[in-house]
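[1] next comes the sequence, and after it the predicted model I'd like to discuss.
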Amino acid sequence: MRHKSKKVTLDRKTAARRSLMANMAESLVLYEKIKTTKAKAKAVRSYVERLITKAKGQDLTARRELMKVLYTENAIKKLLEVLAPKYKDRKGGYTRIVLFKNRKGDGAEEVILELV
């Protein structure tokens with residue numbers, strides 16, 4: 001049994017996993033909807049929700065925390081100026097996972113991860 005193992009590794013090493021999460025989070029912030037596998041969507045959901053909660057701070061500290069994670073200024077700007085005010089009254093649950101289909105090649109469950 002896997003006791004006390006909370007981290008979702010997605011069968012990747014640490015650096016590759018961090019890059020994957022940052023890329024998917026940035027895409028979700030910029031396009032507000034992405035298509036991916038169910039496991040990746042579940043992993044990136046909490047990652048993005050933490051970023052949106054940080055952005056709701058609307059100060060220099062929040063901007064610097066976001067700059068540590070996201071790559072481009074466009075994503076940070078959108079988080080602070082568009083998404084944070086949109087979700088200011090919401091306590092959490094900023095994303096939704098909608099089942100899409102099974103992938104033809106390997107049968108993996110594909111989902112659409114979108115901002116509510």
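    Received it, and whenever you're ready, just let me know what you need. Numbers count the residues shown, from 1 in each chain.
[2] so what's the residue nearest the centre of the chain up against?
    Compute the mean C-alpha point of the chain, and by CA atoms, centre = their mean the closest residue is Val48, 3.1 Å away. Residues near Val48 by CB atoms under 8 Å, 6 or more residues apart in numbering: 25, 28-29, 94-95. In this view, the C-beta of every residue, glycine as well, is placed from N, C-alpha and C.
[3] any chance of those in CSV, plus neighbour count, distance to Lys86 and pLDDT?
    Formatted as CSV, the contacts of Val48 follow (neighbours: other CB atoms under 10 Å; distance: CB to CB, whole Å; pLDDT from 0 to 100):
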residue, neighbour count, distance to Lys86, pLDDT
Ala25, 24, 17, 97
Leu28, 25, 14, 97
Val29, 25, 12, 97
Tyr94, 19, 9, 97
Thr95, 19, 13, 97
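[4] the residue nearest to the centre of the chain and Leu99: what is the separation?
    Distance from Val48 to Leu99, counting by CB to CB, to the nearest Å: 19 Å.
[5] doesn't Leu80 make contact with Arg63?
    Yes: contact status for Arg63 versus Leu80: in contact at 6.5 Å, counting by CB atoms under 8 Å.
[6] show me the contacts of Val48 that map onto helices.
    25, 28-29 (DSSP state H).
[7] can you tell me the closest non-neighbouring residue to Thr95?
    Arg45 (5.0 Å; CB to CB, 6 or more residues apart in numbering).
[8] which residue ranges form the helices in this protein?
    Counting by DSSP H, the chain has helices at residues 14-31, 38-55, 60-69, 73-78, 84-86.
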